[in-house]
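Student: Sequence and computational prediction follow.
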Amino acid sequence: MEAFAELVAEGTVGIVGASNHWIWRVERARRLATAAGLPGYEVLQYHHSYLRMRTDMPSLRSVDGNLGVVSGDHLSYLRETPDLALVAYSPLLGGAYVRSDKPLDPEHDHPGTPARLAALREVAADTGATLNQVVLAWLIGAEVPVIPLVGASSVAQLNESLAAVDLELTVEQRTKLDAAT
């Protein structure tokens, strides 16, 4: 944290963030930084999307599960720590929501996925928006707001993603999406 503090002091770094750490490690680092009078993490970056991945399966980074995916622990921590921002990478699952040639990862193969996909399709039909736009609007307008990190390989994809900022889901639509398990 001292090295980050030096970079912040010289203006090279504006804010400090972490990606893909266990929440207990994030909290420990923030506590140590505060005790030492140093800048702590202000941004957390994790994989997060409407469809949920299993986090209990061993991964390349940890035998204890997939630490790079937002779980209930992350959301609970962020809800109680409003000075932290959550940036979600791969919120559109590399095109898996809209492209039949991009299947979901095996970590999405669980009983909750079909119900959540059905709810997503219903809300997209209700709003006249694309599946991707509904996913992004769901993230942006969540109780724990998310900054989605999206990529685009065409101007049309960029415009589609940008239009999600103006899509406001109703309470009923958000409840339908959140209740799907």
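Tutor: Okay, I see it. Numbering: from 1, shown residues only.
Student: which residues sit against the biggest helix by length in the chain?
Tutor: In the chain, taking DSSP state H as the definition, the longest helix is helix 112-127. Contact with helix 112-127 is made by 50-52, 97, 104, 130-131, 133-135, 167, 169, 173, 176-177, 179-181, as judged by CB atoms under 8 Å, 6 or more residues apart in numbering. All C-beta spots, glycine's among them, are computed from the backbone N, C-alpha and C.
Student: can you map out the strands along the chain?
Tutor: When secondary structure is read from DSSP state E, the chain shows strands at 16-19, 41-47, 85-89, 146-149.
Student: Quick one: distance of the third one to the chain centre.
Tutor: Here the centre of mass of C-alpha atoms in strand 85-89, compared against the chain's by CA atoms, centre = their mean, to the nearest Å, lies 5 Å away.
Student: before we move on, what about the last one?
Tutor: Remark: strand 146-149 is offset 6 Å from the chain centroid, using CA atoms, centre = their mean.
Student: Direction included, what does it pair against?
Tutor: Strand pairing for strand 146-149, using DSSP bridges, gives strand 85-89 (parallel).
Student: Kindly calculate the angle that the strand it pairs with makes with strand 41-47.
Tutor: Counting by axes from the mean of the first three to the mean of the last three CA atoms, to 10 degrees, strand 85-89 lies at 30 degrees to strand 41-47.
Student: Put the alpha carbons of strand 85-89 into PDB.
Tutor: Below are the C-alpha coordinates for strand 85-89, written out as PDB (Å, rounded to 0.1, in the frame of the first residue of the first chain):
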ATOM      1  CA  ALA A  85     -17.100   1.200  -6.500                       C
ATOM      2  CA  LEU A  86     -17.600  -2.100  -8.300                       C
ATOM      3  CA  VAL A  87     -16.400  -2.400 -11.900                       C
ATOM      4  CA  ALA A  88     -17.700  -5.500 -13.600                       C
ATOM      5  CA  TYR A  89     -15.700  -7.000 -16.400                       C
END
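Student: what's next to that strand, contact-wise?
Tutor: Residues contacting strand 85-89 (CB under 8 Å, 6+ apart): 17, 19, 42-49, 70, 74, 78, 139, 144-149.
Student: Pull out the buried members of the residues you listed.
Tutor: 44-49, 70, 74, 78, 139, 144, 146, 148 (16 or more other CB atoms under 10 Å).
Student: and which of the residues you listed is nearest Pro58?
Tutor: His47 (16.0 Å; CB to CB).
Student: Excluding chain neighbours, what is closest to that closest one?
Tutor: Leaving aside its sequence neighbours, His47 sits nearest to Val69 (CB to CB, 6 or more residues apart in numbering; 4.8 Å).
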